[in-house]
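**Student:** predicted model follows, preceded by the sequence.
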Amino acid sequence: MQDLSFHELKGGVTELGDLLQKDKLNILMFYNTQCLGCTGRALPFAYELKNKFNFVNMLIFHISPGTKKESVEEIRSIFTDQKPPFDIYIDEENKLYHHFAGSGTPYWVILDKNYTTRLSIFGSQEGSKLSLELAIEEMSSEFS
């Protein structure tokens, strides 16, 4: 997979290759602060999954699908204490999002140990959440 760099919400720049973990199930979630399904359902669900499954490496990427780019302050503003409970990376030009053929937000991608896409899914409604959780449980034996 090509190496891409991202700005970290907390400052600094990192490479995708440094974020992916071979010994974990890598889940990438793309969201935008203006998306109510993202902020109201997807981010809390990502946090829940991260805490429920210790073999999950949850990677959260903020994208800006239109021409307006949200500031770091705007991204932080959706969190009660202005501090997200996990690291957030800014996919400034939506390169990674487009690499995985993103089709809206929130958009989830599950990568196996070989960084092969096992599932990509759009949404934060119950059906999407159930599909994600079932896929994680199904792949859990690969990481035990």
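**Tutor:** Received the coordinates, thanks.

**Student:** which stretches of this structure form strands?
**Tutor:** Using DSSP state E, the strands of the chain run over residues 5-8, 13-15, 25-31, 56-62, 88-90, 107-111, 117-122.

**Student:** compare these and say which comes out lowest on pLDDT.
**Tutor:** For those, mean pLDDT drops lowest on strand 5-8, to a mean of 84.

**Student:** just the buried residues of the helix of greatest length in the chain, please?
**Tutor:** Longest helix in the chain by number of residues (criterion: DSSP state H): helix 126-139. Of all the residues in helix 126-139, those buried under the rule 16 or more other C-beta atoms under 10 Å are 128, 129, 132, 135, 136, 139. From N, CA and C alone the C-beta is placed, and that goes for glycine too.

**Student:** how about these in JSON lines, adding distance to residue 48 and pLDDT?
**Tutor:** Formatted as JSON lines, the buried residues of helix 126-139 follow (distance: C-beta to C-beta, whole Å; pLDDT from 0 to 100):
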{"residue": "128", "distance to residue 48": "14", "pLDDT": "95"}
{"residue": "129", "distance to residue 48": "9", "pLDDT": "96"}
{"residue": "132", "distance to residue 48": "11", "pLDDT": "96"}
{"residue": "135", "distance to residue 48": "15", "pLDDT": "96"}
{"residue": "136", "distance to residue 48": "11", "pLDDT": "96"}
{"residue": "139", "distance to residue 48": "17", "pLDDT": "94"}
